[in-house]
Every structure is written in C-alpha cells, then in structure tokens.
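*Asks:* structure, please.
(one chain, ligands or ions: 2)
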Amino acid sequence: MSNDRIDALRKAVEANPDDVLLRLVLAESLNVAGETEEALDQYVVLLDHHGLPDDQFVPVGELAAANGRLALLRNLLEAARQRGVVEGTGRLQQLVDGMIAERSGVRIKVGPEAETPYEQDLVKEATTFDQVGGMDEIKRVIHRMVILPQSRPELYEKYGRKAGGGVMLYGPPGCGKTLLARATAGECGLPFVNVRIEDVMDPYLGVSERNLHEAFEHARANGPCVLFLDELDALAFARHKHGGSESRRLVDVLLQELDAIGSENDGLLVLAATNAPWDVDEAMLRPGRFDRVIFVPPPDEPARADILAVLTKGVPADGLDLKALAAQTAMFSGADLRALIERGVDKVIDEALSTGGEPPLAMQHLTEALAAVKPSTLDWLHRVRSYIEFANQSERYDDVAAYLASRDVRRRLNKN
Ligand SMILES: Nc1ncnc2c1ncn2[C@@H]1O[C@H](COP(=O)(O)OP(=O)(O)O)[C@@H](O)[C@H]1O
Ligand SMILES: [Mg+2]
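*Replies:* Ligands and ions are numbered 1, 2, ... in the order given. Predicted structure coming up:
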C-alpha cells in the first residue's frame, strides 16, 4: 500500500469521521503498511463507536497485545463479552492474562502472607522543579493547585475553598508527567509513593483490587505523602463504555479510596498520569476525585532548550548551542531529547576509546545523533485530534484543542 493511498484515506476519514467503513479500511491499510500504532488508534475509535466487526476482535486483540496496549485489550474483551462474540472471548482473555502476568512478574503467593511492594519506609522525595525543564506555566498551575493548598491550608479555609481531590496529568508519552509528579512531591517536601500498574494488576481474581487498596493503606499509614497512580487509564478504564464486571470492581475500589480521602483528611495527596485520557472512566473526573486535569504538551522551543540544559548539566561539553539544537528538535518529547543526548554521549565515549583522550561533548556529536532520533509525539497528537473530531469531546480537551490550533503545530501535523 503506497503512502499516497494511506494519506488519501487519512484525509477522507478526517473529512468523514463518522464513516465507519472508511475508518476500517484506513485501519487495515495502516496495519498492512506496518503502521501498527496508528492502526490501533483507529481501531480504538472504531471500538468506542461500535464500528468494529465481530470477526476483527481477535486479530485486533493480537495486535494490541503485541504492542503492549493492555487497556485496549481489556476494552476489547469487555466489549466482546457484552456483544456475545463467543468465539473471541477465550482468546482475548488469554491475551489479557498473558500481558498482566508478564507485567506483574507473576506473583504466585496469594493470601495474607503475600509480599507487597510497599514495605520500605517512606523518605522525602529529592526531585524538585529545577530538574524539570520548561513547563513554567504548568509549574505555576501546580503551585497554585497543589503546593499552596498543601503548605498554606489556612488560606484556603479562610476563603472557603476546599483542598483535597486529585490532579490528573495527561499528554503524549515521554513529556515529563511522571517526572513532574515526582518533582511536585519534592516541592511539597513529601515522600512519593509510585503505584505502577505492574504493582497492582494481577491475574488472580480479586488480587488487583486488594493490591490497590493496600497501596492506599500504606500511603495513609505513612502520610502525609503523595500517592501517584501512573497509567490511570489501565486502572480506571471507562466502564460506561463496556461495563464488564471485572474492570468495574477495580474502578469501584479506586472510587471508594478517592472518596474516602476528603472525609478522612489524612494528608494524602493523589496525583495520576495517563497517555490515554479518553480511556479514563468519567466517574474519576467528578468533583473531589480527579477534578483538576492538566494537559502536559510536548515542550516548545524555549522549553526544549531548558530541558537540554537540564540533561547536559554535569556532562563535560564544549561550545554546545542548545538554542540551535532546540530549534532543530520540533515535536521532540523530553524523553526523545534525553535519547538524543545519550546517543551523543555514546559517540563521545566511542571517540575517547579510540583516541585515548577525553573529548568533550560537542555540537557535532549531537548533530550526528540527530539523524537517528525522531520525534515521538506526533502519533499521539494525530490520535487526539481524530478523537476530538470524531467523539465531539472538545470541551474535555479544550487545552489540547487550543494547542492543536496553533499554527506551528498544525503545520507539523499536516506534514507528517
Ligand atoms: N521537562 C523535562 N525536563 C527534563 N527531563 C525530561 C522532561 N520531560 C521528560 N524528560 C526526560 O524524559 C524521561 C521520561 O519522562 P516521563 O516523566 O517518564 O514522561 P511521561 O511520564 O510523560 O511519559 C524523564 O525521565 C526525563 O529524563
Ligand atoms: Mg510516565
């Protein structure tokens, strides 16, 4: 399939977002062309809008599993159950179990003696905002929404503004959500409890729910602290769409824990992050829960220069023009920039080994490395754009819509 053909299909789908058949053809063409991530994004939209044919559930499930897309896989399973696609459910369940077992490293002990990953004492988080490049506006918002209520609760009481409730960060992968959450804990002078999906998910019935509850118990017992739920979409994926009992139980546990926080005032500050906000259950976003939602966009040019400065701090370097480098790395995520610097440093080490000297990191190393690193945020931006257009959910994604509307971003997206 030629790229031209796919481009034409993409445009056609954009112009006719409700045409299910057309989108299906696009998804299949993308898959055949090896653009699996983008193909999966199209399948997600189809699934959400009941446009995925019954015989596609298993092949799409296999593709999702091969690409590490657990939330999508579970959505497929729930939808297959609901629709009574009997033939596929067994295989999909197998794929889900396989992925969860892989991620959780299969904990076999179940029961009161089972090990939990939360035994160590909590220490104050050392990461601070200085280690997060750019994001000045977001840092200000977090300061007002999170840090100030924490450090000056009396101010908020005086004006009758309730602290409490959680904050959800969302945006493309690698743009600093986890880093920012960690640094927020550091700025508050609190310990950071990172609840990763692989610490919670377990193939045994009821164990995931218990793991999640224990994470909250542990944090409460050691409060005040910041409890961070990474990949919130996988913990709390939208039950209104498919309503399967299995996923609902985990969502219910999370809702209960969140609702308990305000009433018990136990010094627990809950932050969450997701690359897939459209998969997060609406109930999570109600007042008192994750009622403050922050879009973390790809870094703009000054932010990239700032991130590059953070990343090269302490590296022996000579004559680095970080501004010039920032100008050449449009749509790079922070993680892409880190990969770029790491590749540059690899080149320096190669050089040191072959010459026996100690050469500094120079522009030439980074320019060479630039050829090998590509921006990774475009897929996400394409996806969110089609999501906003197709699902008519623009209010929920106002910040993203504004970001996408900027001339520079529009130009970059249309080019790729
Ligand atoms: N703003 C930033 N400043 C400095 N480093 C960053 C920034 N954003 C991303 N990085 C680098 O990329 C890595 C991945 O970022 P992460 O916070 O895990 O992204 P996300 O959680 O959004 O997927 C970080 O560990 C850090 O090295
Ligand atoms: Mg992360």
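
*Asks:* when you work out contacts or count neighbours from here on, use the C-alpha atoms and nothing else.
*Replies:* Fine.

*Asks:* phi, psi of the closest residue to residue 337 other than its chain neighbours?
*Replies:* Spatial nearest neighbour of residue 337, excluding adjacent residues (Cα to Cα, 6 or more residues apart in numbering): residue 308 at 6.9 Å. The phi/psi pair for residue 308 (degrees, to the nearest 10) reads phi -60, psi -40.

*Asks:* how much space between residue 308 and residue 137?
*Replies:* 18 Å (Cα to Cα, to the nearest Å).

*Asks:* which one's more surrounded, those two?
*Replies:* Higher neighbour count among residue 308 and residue 137: residue 308, with 22 against 9, using other Cα atoms under 10 Å.

*Asks:* can you count the residues close to residue 371?
*Replies:* For residue 371, the neighbour count with other Cα under 10 Å is 9.

*Asks:* same check, this time on the one 3 residues further on
*Replies:* The number of residues packed near residue 374 is 17, by other Cα under 10 Å.

*Asks:* repeat that for residue 399.
*Replies:* Neighbours of residue 399 using other Cα under 10 Å come to 16.

*Asks:* show me what contacts residue 299?
*Replies:* When contacts are counted by Cα atoms under 8 Å, 6 or more residues apart in numbering, residue 299 touches 134, 135, 175, 331, 332, 333, 334.

*Asks:* kindly reformat these as CSV containing pLDDT, secondary structure and neighbour count.
*Replies:* Below are these laid out as CSV (pLDDT from 0 to 100; DSSP: H, G, I helix; E, B strand; the rest coil; neighbours: other Cα atoms under 10 Å):
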residue, pLDDT, secondary structure, neighbour count
134, 89, coil, 22
135, 91, coil, 23
175, 96, coil, 24
331, 95, coil, 23
332, 97, coil, 25
333, 96, coil, 26
334, 95, helix, 25
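
*Asks:* could I get these as TSV with distance to residue 70?
*Replies:* What follows is the contacts of residue 299, written out as TSV (distance: Cα to Cα, whole Å):
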residue	distance to residue 70
134	31
135	29
175	21
331	26
332	25
333	23
334	24
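
*Asks:* also within reach of ligand 1: list those from those residues.
*Replies:* 134, 175, 334 (Cα under 6 Å from any ligand atom).

*Asks:* just checking, which helix or strand of this protein averages the lowest pLDDT?
*Replies:* For the chain, the helix or strand with the lowest mean confidence is helix 239-242, at a mean of 51 (criterion: mean pLDDT, DSSP states H and E).

*Asks:* thinking again about what came up before, doesn't residue 339 make contact with the residue nearest to residue 337?
*Replies:* No - contact between residue 308 and residue 339 fails when scored by Cα atoms under 8 Å: they sit 10.9 Å apart.

*Asks:* show the backbone phi and psi for residue 136.
*Replies:* Recorded main-chain torsions at residue 136 are phi -60, psi -40, according to degrees, to the nearest 10.

*Asks:* sec struct for the closest residue in space to residue 19 that isn't next to it in sequence, please.
*Replies:* When the adjacent residues along the chain are set aside, residue 19 lies closest to residue 13, with 7.1 Å between them (Cα to Cα, 6+ apart). When the structure is reduced to helix, strand and coil (DSSP: H, G, I helix; E, B strand; the rest coil), residue 13 reads as helix.
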